[in-house]
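>>> prediction below, plus the sequence it came from.
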Amino acid sequence: MSGRTTVLKPPEGAMAPVRHPDAPAPGELLGAHYDQCFGCGEQSGGLRLRVRAGEGVGLTAEFTVDAAHQGAPGLAHGGVLTAALDETLGSLNWLQRVIAVTGRLETDFVRPVPVGTVLHLEARVTAVHGRKIYCAATGRIGGPEGPVAVRAEALFIEVRVDHFIKNGRSEEINAALADPDQVKVARAFEVNP
Ligand SMILES: CCCCCCCCCCCCCC(=O)SCCNC(=O)CCNC(=O)[C@H](O)C(C)(C)COP(=O)(O)OP(=O)(O)OC[C@H]1O[C@@H](n2cnc3c(N)ncnc32)[C@H](O)[C@@H]1OP(=O)(O)O
(Lines give C-alpha, C1' and ligand atoms only; values in the text may rest on other atoms or scores of the structure.)
Protein backbone atom coordinates (compact mmCIF):
# COMPACT_ATOMS: atom_id res chain seq x y z
CA MET A 1 0.00 0.00 0.00
CA SER A 2 1.21 3.50 -0.76
CA GLY A 3 0.14 6.68 1.06
CA ARG A 4 1.60 9.58 -0.87
CA THR A 5 1.92 13.04 0.61
CA THR A 6 -0.22 15.62 -1.17
CA VAL A 7 2.82 17.61 -2.37
CA LEU A 8 3.47 14.83 -4.89
CA LYS A 9 0.02 15.25 -6.45
CA PRO A 10 0.10 17.66 -9.41
CA PRO A 11 -2.08 20.69 -8.61
CA GLU A 12 -4.99 21.85 -10.71
CA GLY A 13 -3.63 23.66 -13.76
CA ALA A 14 -0.60 21.37 -14.10
CA MET A 15 0.30 20.66 -17.73
CA ALA A 16 1.21 17.49 -19.60
CA PRO A 17 5.01 17.20 -20.04
CA VAL A 18 6.52 18.09 -23.42
CA ARG A 19 9.30 16.11 -25.06
CA HIS A 20 11.91 18.51 -26.49
CA PRO A 21 12.24 18.19 -30.30
CA ASP A 22 16.01 17.60 -29.91
CA ALA A 23 15.60 14.92 -27.22
CA PRO A 24 17.54 11.70 -27.87
CA ALA A 25 15.58 9.22 -30.00
CA PRO A 26 13.76 6.32 -28.30
CA GLY A 27 16.29 3.56 -27.55
CA GLU A 28 19.29 5.92 -27.55
CA LEU A 29 21.69 5.72 -24.58
CA LEU A 30 21.78 9.02 -22.70
CA GLY A 31 25.33 8.75 -21.31
CA ALA A 32 26.54 10.28 -18.04
CA HIS A 33 25.54 13.84 -17.15
CA TYR A 34 28.80 14.03 -15.11
CA ASP A 35 31.56 11.40 -15.09
CA GLN A 36 31.96 11.62 -11.29
CA CYS A 37 28.24 11.09 -10.63
CA PHE A 38 27.51 8.26 -8.17
CA GLY A 39 24.51 7.23 -10.27
CA CYS A 40 25.63 7.42 -13.91
CA GLY A 41 29.43 7.88 -13.70
CA GLU A 42 32.01 5.11 -13.91
CA GLN A 43 33.68 5.19 -10.48
CA SER A 44 33.93 1.95 -8.49
CA GLY A 45 31.19 1.58 -5.87
CA GLY A 46 28.83 3.71 -7.95
CA LEU A 47 25.71 2.44 -9.69
CA ARG A 48 26.94 2.76 -13.29
CA LEU A 49 23.33 3.19 -14.32
CA ARG A 50 22.66 2.90 -18.05
CA VAL A 51 19.73 5.01 -19.21
CA ARG A 52 17.91 4.86 -22.55
CA ALA A 53 15.40 7.35 -23.91
CA GLY A 54 11.88 5.98 -24.27
CA GLU A 55 8.74 7.27 -25.94
CA GLY A 56 7.23 10.61 -24.87
CA VAL A 57 8.82 11.95 -21.69
CA GLY A 58 9.76 8.48 -20.49
CA LEU A 59 12.85 6.31 -20.29
CA THR A 60 14.28 3.04 -19.06
CA ALA A 61 17.43 2.29 -17.07
CA GLU A 62 19.35 -0.68 -15.72
CA PHE A 63 21.90 -1.27 -13.03
CA THR A 64 23.40 -4.40 -11.56
CA VAL A 65 23.38 -4.68 -7.77
CA ASP A 66 26.91 -5.61 -6.69
CA ALA A 67 28.58 -6.38 -3.37
CA ALA A 68 29.36 -2.69 -2.74
CA HIS A 69 25.61 -1.96 -2.72
CA GLN A 70 24.67 -4.24 0.21
CA GLY A 71 22.72 -3.30 3.32
CA ALA A 72 21.81 -6.70 4.80
CA PRO A 73 24.01 -9.63 3.74
CA GLY A 74 23.36 -10.40 0.09
CA LEU A 75 20.69 -7.70 -0.30
CA ALA A 76 20.72 -4.21 -1.79
CA HIS A 77 20.71 -1.28 0.63
CA GLY A 78 17.45 0.72 0.50
CA GLY A 79 19.35 3.99 0.11
CA VAL A 80 21.17 2.60 -2.92
CA LEU A 81 17.86 1.59 -4.50
CA THR A 82 16.50 5.07 -3.82
CA ALA A 83 19.64 6.56 -5.39
CA ALA A 84 18.98 4.45 -8.51
CA LEU A 85 15.39 5.75 -8.63
CA ASP A 86 16.60 9.34 -8.08
CA GLU A 87 19.16 9.07 -10.88
CA THR A 88 16.63 7.51 -13.25
CA LEU A 89 14.03 10.19 -12.49
CA GLY A 90 16.67 12.94 -12.80
CA SER A 91 17.58 11.65 -16.28
CA LEU A 92 14.07 12.56 -17.49
CA ASN A 93 15.29 16.14 -17.62
CA TRP A 94 17.40 15.32 -20.71
CA LEU A 95 14.18 14.67 -22.58
CA GLN A 96 12.68 18.02 -21.61
CA ARG A 97 15.94 19.98 -21.79
CA VAL A 98 15.63 21.44 -18.34
CA ILE A 99 18.03 21.30 -15.41
CA ALA A 100 16.20 20.20 -12.27
CA VAL A 101 17.09 18.82 -8.85
CA THR A 102 15.16 16.50 -6.56
CA GLY A 103 12.97 18.39 -4.07
CA ARG A 104 11.11 15.38 -2.70
CA LEU A 105 11.23 11.66 -3.41
CA GLU A 106 9.10 8.93 -1.81
CA THR A 107 10.02 5.27 -2.24
CA ASP A 108 8.01 2.09 -1.67
CA PHE A 109 10.20 -0.95 -1.11
CA VAL A 110 8.03 -3.82 -2.33
CA ARG A 111 10.43 -6.76 -2.21
CA PRO A 112 14.09 -7.37 -1.30
CA VAL A 113 16.65 -7.13 -4.10
CA PRO A 114 19.49 -9.69 -3.97
CA VAL A 115 23.09 -8.93 -4.97
CA GLY A 116 23.59 -9.92 -8.61
CA THR A 117 20.15 -8.65 -9.64
CA VAL A 118 19.81 -6.56 -12.75
CA LEU A 119 17.30 -3.92 -11.70
CA HIS A 120 15.23 -2.68 -14.63
CA LEU A 121 13.79 0.79 -14.11
CA GLU A 122 11.11 2.66 -16.02
CA ALA A 123 10.33 6.34 -15.38
CA ARG A 124 8.12 9.05 -16.79
CA VAL A 125 7.13 12.64 -16.14
CA THR A 126 3.46 12.83 -15.19
CA ALA A 127 2.91 16.61 -15.06
CA VAL A 128 4.63 20.00 -15.00
CA HIS A 129 3.53 23.09 -13.06
CA GLY A 130 5.82 26.11 -13.43
CA ARG A 131 9.26 25.01 -12.15
CA LYS A 132 7.78 21.86 -10.59
CA ILE A 133 8.15 18.55 -12.41
CA TYR A 134 6.11 15.57 -11.14
CA CYS A 135 7.40 12.13 -12.03
CA ALA A 136 7.21 8.43 -11.14
CA ALA A 137 9.40 5.35 -11.51
CA THR A 138 9.18 1.59 -11.03
CA GLY A 139 12.06 -0.88 -10.59
CA ARG A 140 11.63 -4.55 -11.53
CA ILE A 141 13.83 -7.54 -10.88
CA GLY A 142 15.54 -9.05 -13.92
CA GLY A 143 13.82 -7.16 -16.74
CA PRO A 144 10.80 -5.14 -17.88
CA GLU A 145 8.38 -7.99 -17.10
CA GLY A 146 9.98 -8.95 -13.77
CA PRO A 147 8.37 -8.60 -10.35
CA VAL A 148 8.15 -5.04 -8.97
CA ALA A 149 10.79 -4.40 -6.30
CA VAL A 150 10.60 -0.62 -5.81
CA ARG A 151 8.37 2.29 -6.78
CA ALA A 152 8.88 6.02 -6.37
CA GLU A 153 7.14 9.31 -6.95
CA ALA A 154 9.07 12.54 -6.93
CA LEU A 155 8.96 16.28 -7.33
CA PHE A 156 11.88 17.89 -9.16
CA ILE A 157 12.41 21.65 -9.15
CA GLU A 158 13.87 23.40 -12.18
CA VAL A 159 17.06 25.39 -11.49
CA ARG A 160 19.62 27.32 -13.54
CA VAL A 161 23.26 26.24 -13.98
CA ASP A 162 24.05 28.90 -11.33
CA HIS A 163 22.57 26.52 -8.73
CA PHE A 164 25.63 24.27 -9.14
CA ILE A 165 28.16 27.10 -9.58
CA LYS A 166 26.95 28.79 -6.37
CA ASN A 167 26.62 25.65 -4.23
CA GLY A 168 29.20 23.14 -5.51
CA ARG A 169 32.76 22.85 -4.15
CA SER A 170 34.96 25.10 -6.28
CA GLU A 171 37.52 22.39 -7.27
CA GLU A 172 34.90 20.26 -8.99
CA ILE A 173 32.89 23.20 -10.39
CA ASN A 174 36.00 24.80 -11.94
CA ALA A 175 37.09 21.47 -13.42
CA ALA A 176 33.60 20.88 -14.85
CA LEU A 177 33.38 24.36 -16.37
CA ALA A 178 36.85 23.92 -17.94
CA ASP A 179 35.80 20.66 -19.59
CA PRO A 180 34.16 21.30 -22.99
CA ASP A 181 32.43 17.90 -22.90
CA GLN A 182 30.85 18.74 -19.52
CA VAL A 183 29.70 22.16 -20.74
CA LYS A 184 28.15 20.47 -23.78
CA VAL A 185 26.21 18.11 -21.48
CA ALA A 186 25.01 21.03 -19.33
CA ARG A 187 23.75 22.73 -22.52
CA ALA A 188 21.95 19.56 -23.60
CA PHE A 189 19.94 19.87 -20.37
CA GLU A 190 19.08 23.52 -20.81
CA VAL A 191 16.57 25.13 -23.14
CA ASN A 192 18.32 28.52 -23.08
CA PRO A 193 21.99 27.98 -22.25
C1 LIG B 1 27.89 22.17 -14.80
C2 LIG B 1 26.68 21.59 -14.25
C3 LIG B 1 25.95 20.52 -15.05
C4 LIG B 1 24.70 20.01 -14.44
C5 LIG B 1 24.03 18.90 -15.21
C6 LIG B 1 22.68 18.45 -14.64
C7 LIG B 1 22.78 17.85 -13.29
C8 LIG B 1 21.51 17.14 -12.87
C9 LIG B 1 21.78 16.38 -11.60
C10 LIG B 1 20.68 15.38 -11.29
C11 LIG B 1 21.16 14.41 -10.22
C12 LIG B 1 20.07 13.49 -9.74
C13 LIG B 1 19.07 14.21 -8.93
C14 LIG B 1 19.67 14.66 -7.60
O15 LIG B 1 20.11 13.87 -6.81
S16 LIG B 1 19.67 16.34 -7.28
C17 LIG B 1 20.45 16.43 -5.63
C18 LIG B 1 19.46 16.39 -4.50
N19 LIG B 1 18.68 17.60 -4.42
C20 LIG B 1 19.17 18.74 -3.97
O21 LIG B 1 20.32 18.88 -3.60
C22 LIG B 1 18.21 19.89 -3.90
C23 LIG B 1 18.43 20.72 -2.64
N24 LIG B 1 17.35 21.71 -2.51
C25 LIG B 1 17.45 22.91 -3.10
O26 LIG B 1 18.47 23.28 -3.66
C27 LIG B 1 16.22 23.81 -3.04
O28 LIG B 1 15.43 23.48 -1.92
C29 LIG B 1 15.36 23.73 -4.35
C30 LIG B 1 16.22 24.16 -5.57
C31 LIG B 1 14.82 22.32 -4.58
C32 LIG B 1 14.16 24.66 -4.22
O33 LIG B 1 14.61 25.94 -3.84
P34 LIG B 1 14.22 27.27 -4.63
O35 LIG B 1 14.58 28.42 -3.73
O36 LIG B 1 14.81 27.27 -6.00
O37 LIG B 1 12.67 27.19 -4.84
P38 LIG B 1 11.50 27.31 -3.74
O39 LIG B 1 11.92 26.91 -2.36
O40 LIG B 1 10.87 28.65 -3.94
O41 LIG B 1 10.51 26.17 -4.28
C42 LIG B 1 9.90 26.25 -5.57
C43 LIG B 1 8.59 25.49 -5.48
O44 LIG B 1 8.88 24.10 -5.21
C45 LIG B 1 8.26 23.69 -3.97
N46 LIG B 1 9.18 22.79 -3.26
C47 LIG B 1 10.51 22.93 -3.11
N48 LIG B 1 10.99 21.91 -2.40
C49 LIG B 1 9.94 21.11 -2.08
C50 LIG B 1 9.80 19.89 -1.35
N51 LIG B 1 10.84 19.30 -0.79
N52 LIG B 1 8.57 19.37 -1.24
C53 LIG B 1 7.51 19.96 -1.81
N54 LIG B 1 7.57 21.10 -2.52
C55 LIG B 1 8.78 21.67 -2.63
C56 LIG B 1 8.04 24.99 -3.19
O57 LIG B 1 7.00 24.83 -2.25
C58 LIG B 1 7.70 25.95 -4.31
O59 LIG B 1 6.36 25.70 -4.69
P60 LIG B 1 5.40 26.95 -5.10
O61 LIG B 1 5.37 27.82 -3.90
O62 LIG B 1 6.06 27.59 -6.29
O63 LIG B 1 4.10 26.29 -5.44
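That came in fine, so what should we check first?
>>> now the strands for the protein?
Assigned by DSSP state E, the strands in the chain fall at 50-53, 58-64, 100-109, 118-129, 132-141, 148-158.
>>> tabulate those (a markdown table), appending mean pLDDT and distance to the ligand.
Every C-beta, even on glycine, is put in place using the N, C-alpha and C of the backbone. As requested, the strands of the chain are arranged in a markdown table below (pLDDT from 0 to 100; distance: least, C-beta to the nearest ligand atom, whole Å):
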| stretch | mean pLDDT | distance to the ligand |
| --- | --- | --- |
| strand 50-53 | 98 | 11 |
| strand 58-64 | 98 | 12 |
| strand 100-109 | 98 | 3 |
| strand 118-129 | 98 | 7 |
| strand 132-141 | 98 | 5 |
| strand 148-158 | 98 | 4 |
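>>> reformat the ones you listed into a markdown table and put distance to Ser91 and mean neighbour count next to each item.
Shown next, in a markdown table, are the strands of the chain (distance: least, C-beta to C-beta, whole Å; neighbours: other C-beta atoms under 10 Å):
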| stretch | distance to Ser91 | mean neighbour count |
| --- | --- | --- |
| strand 50-53 | 5 | 20 |
| strand 58-64 | 6 | 22 |
| strand 100-109 | 11 | 16 |
| strand 118-129 | 7 | 20 |
| strand 132-141 | 10 | 22 |
| strand 148-158 | 11 | 21 |
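>>> how close does the residue of the chain positioned farthest from its centre sit to Leu47?
Distance to the chain centre peaks in the chain at Pro73, reaching 26.3 Å (criterion: C-alpha atoms, centre = their mean). Separation of Pro73 from Leu47 (C-beta to C-beta, to the nearest Å) stands at 20 Å.
>>> could you do Ala136 as well?
19 Å.
>>> likewise Arg104?
Arg104 is 21 Å from Leu47, where distance means C-beta to C-beta.
>>> ok, now Pro21?
Separation of Pro21 from Leu47 (C-beta to C-beta): 30 Å.
>>> who's more crowded, these two?
Leu47 (26 against 6; other C-beta atoms under 10 Å).
>>> check contacts around the residue nearest to that one when sequence neighbours are not counted.
With sequence-adjacent residues excluded and distances taken as C-beta to C-beta, 6 or more residues apart in numbering, Leu47 is closest to Phe63, at 4.7 Å. Taking C-beta atoms under 8 Å, 6 or more residues apart in numbering as the contact definition, Phe63 lies against Leu47, Arg48, Leu49, Arg50, Ala84, Val118, Leu119, Leu121.
>>> let's see 6 Å
By C-beta atoms under 6 Å, 6 or more residues apart in numbering, the residues touching Phe63 are Leu47, Leu49, Ala84, Leu119.
>>> what bridges to it?
Leu119 (DSSP bridges).
>>> does any bit of whichever helix in the chain runs longest sit next to the ligand?
For the chain, the longest helix by residue count, based on DSSP state H, is helix 78-96. Yes: Helix 78-96 is in contact with the ligand by C-beta under 6 Å from any ligand atom, via Asp86, Glu87, Gly90.
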